[in-house]
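A.B. asks: Structure for this input, please:
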Amino acid sequence: MKKILTLILTICLSLSSVLIVKAEDFDTDKDKYIEMCSKPDSQKTPEEVTICKAFMNYMASQSTDLNKQLKEIEAKREEIAKDIKIYAEKIRGYDIQIANLKKEIDALNSEIVIKQEEIRIKEEEIAAQQAEIDALKEKLKNRMITAQKTMRINKYLDILIGAKDFNDLIRRTNGINSILSYDQATLDQMADMIIQLNIAKDALEVAKAELDSKKQEIVNKQNTLLVYRQEAEIVRQEYMKQSAELEAQGNRIAGNLEAIKNTMAEIASKLVEIAASSGFVRPLSGGRVTAGTWHYPASFGGGVHLGMDFAAPSGTTVVAVGNGVILKSVDGCGVGYLGNSCGGNLGGSYGGGNQIYLLTNINGNLYAVKYIHLLAGTPIATGTIVSAGERVGAVGSSGNSTGAHLHIEVFYLGSGSIANYAQNWNGDLAFGAGWGLAALSRLCENGVGAPCRVKPESVFGG
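C.D. replies: Next up, the predicted model:
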């Protein structure tokens, strides 16, 4: 008998509302939870992440094989962490495989609906055949009962002995033969119907077996899907723990630095005219914060995270947070994936994909703002002077990214001028505030002077 867990998952959505998911809900709405949990954690809400962990445990409790596979993957976590780049490359195709599995599951569900209708029709036909056979049996039974009531030792002998003359004997004999022929024909008909009934029953059993096979195939594919997703999530978590260091190992200095300096020299007269902004503008309208600064949430691996992530639909407009100039722009990266290094090869930050670096003055203070993972074709060009709120790009998923989002970092550079800094920038893509784990030693909130890293939440809100 299938074990039913008494699992109750309680998730606090707010101070006043609570969502309760029971194990029976997982079983009843399995397809809904499979759909939810087949997405990367980076594309789920925190509540969905928690629900999916409980759903994974529930599914594992229903399958010894799935439970074994999930435990084997978890046991490989240390090995994965040591060879993170290899594993990141290995799972590149998992999202495609998961999407294909979902299509196969949908196709099987459609086949199951057709097979269930076929079984329903067969059951109705069998019921109708059985009713006809039962009617014939009842008819023959009634004839036998009638014969037993009206005839003595031998009904046929009694009829023949009662003949008045030879002609009457012939007539009675012919009548008996007619009765016997009728009964035999009925028996033959019933025998044939029973044969056809048994054939129909055999076909029904075959159809039911095929239905069970398709249902089991769905279960197997669902389990495979969950295994892929779990391995992908473990790899992603371990990669995120190391992502800041991996970025630090990549390109640190902007490519084409001489060209950038030449551009800044050409627009020097315009740079001095840029007015200071009175405050920071939020970089995009809406968007859900999926990872804050300075560490990823535990569900993301808990590694160092030097910026703030806003999840938003691909193509969502990204704007300048203040008046300023684009110091560096990188474009040319397609849709990324975990471990994608694109960006560094184009003279920008390793794994940052399409990116821009805005130099801005807010209330007399100089800041640099780093926008990464932008949509291809949307970052505005190096040397473009922008006003606060002006479009500078669009949300994408380029570089080391598993879902559409904007990653933004803020650097405090002191009280210098935009024109002076832009023309003398040394190309450091971290603006002197450090890389990787070492960057945590240069946080403005800890009283470190310029250059230092500003927590984006402190200027953009949560």
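A.B. asks: Alpha carbons only: can I get stretch 42-49 in PDB?
C.D. replies: The C-alpha trace of stretch 42-49 is given here as PDB (Å, rounded to 0.1, in the frame of the first residue of the first chain):
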ATOM      1  CA  SER A  42      16.900  31.300  -9.300                       C
ATOM      2  CA  GLN A  43      13.500  31.500 -11.100                       C
ATOM      3  CA  LYS A  44      11.400  30.600  -8.000                       C
ATOM      4  CA  THR A  45      10.100  32.700  -5.200                       C
ATOM      5  CA  PRO A  46      11.500  31.900  -1.700                       C
ATOM      6  CA  GLU A  47       8.200  30.200  -0.900                       C
ATOM      7  CA  GLU A  48       8.400  28.100  -4.100                       C
ATOM      8  CA  VAL A  49      11.900  27.000  -3.200                       C
END
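A.B. asks: could you give the mean pLDDT of that stretch?
C.D. replies: Across stretch 42-49, the average pLDDT comes to 83.
A.B. asks: same check, this time on stretch 221-239
C.D. replies: Across stretch 221-239, the average pLDDT comes to 92.
A.B. asks: Quick one: the strands in the stretch 251-400 of the chain, in order.
C.D. replies: 288-291, 294-295, 304-305, 308-311, 317-319, 324-330, 354-362, 365-374, 385-386, 391-394 (DSSP state E, counting those that start in this stretch).
A.B. asks: Let me have these in a markdown table, extended by distance to Arg92.
C.D. replies: Glycine gets a C-beta too; all of them are placed from N, C-alpha and C. Converted to a markdown table, those look like this (distance: least, CB to CB, whole Å):
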| stretch | distance to Arg92 |
| --- | --- |
| strand 288-291 | 21 |
| strand 294-295 | 26 |
| strand 304-305 | 22 |
| strand 308-311 | 21 |
| strand 317-319 | 26 |
| strand 324-330 | 22 |
| strand 354-362 | 19 |
| strand 365-374 | 17 |
| strand 385-386 | 35 |
| strand 391-394 | 24 |
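A.B. asks: Spit out the contact partners of the closest residue to Ala419 other than its chain neighbours.
C.D. replies: Nearest residue to Ala419, sequence neighbours excluded (CB to CB, 6 or more residues apart in numbering): Leu271, at 3.8 Å. Contact analysis of Leu271 by CB atoms under 8 Å, 6 or more residues apart in numbering lists Met264, Val325, Ile385, Ile418, Ala419, Ala422, Gln423.
A.B. asks: And for Ser398?
C.D. replies: By CB under 8 Å, 6+ apart, the neighbours of Ser398 are 333-336, 340, 342-343, 353-354, 373-376.
A.B. asks: That one and Leu197, how far apart?
C.D. replies: Counting by CB to CB, to the nearest Å, the gap from Ser398 to Leu197 is 65 Å.
A.B. asks: re the thing from before, just the closest of the contacts of Ser398 to Glu118, please.
C.D. replies: Nearest to Glu118 out of these is Val335 (CB to CB; 42.2 Å).
A.B. asks: What's the local residue count around Ala254?
C.D. replies: 22 (other CB atoms under 10 Å).
A.B. asks: so it makes contact with Met264?
C.D. replies: No. Counting by CB atoms under 8 Å, Met264 is not a contact partner of Ala254; they are 11.9 Å apart.
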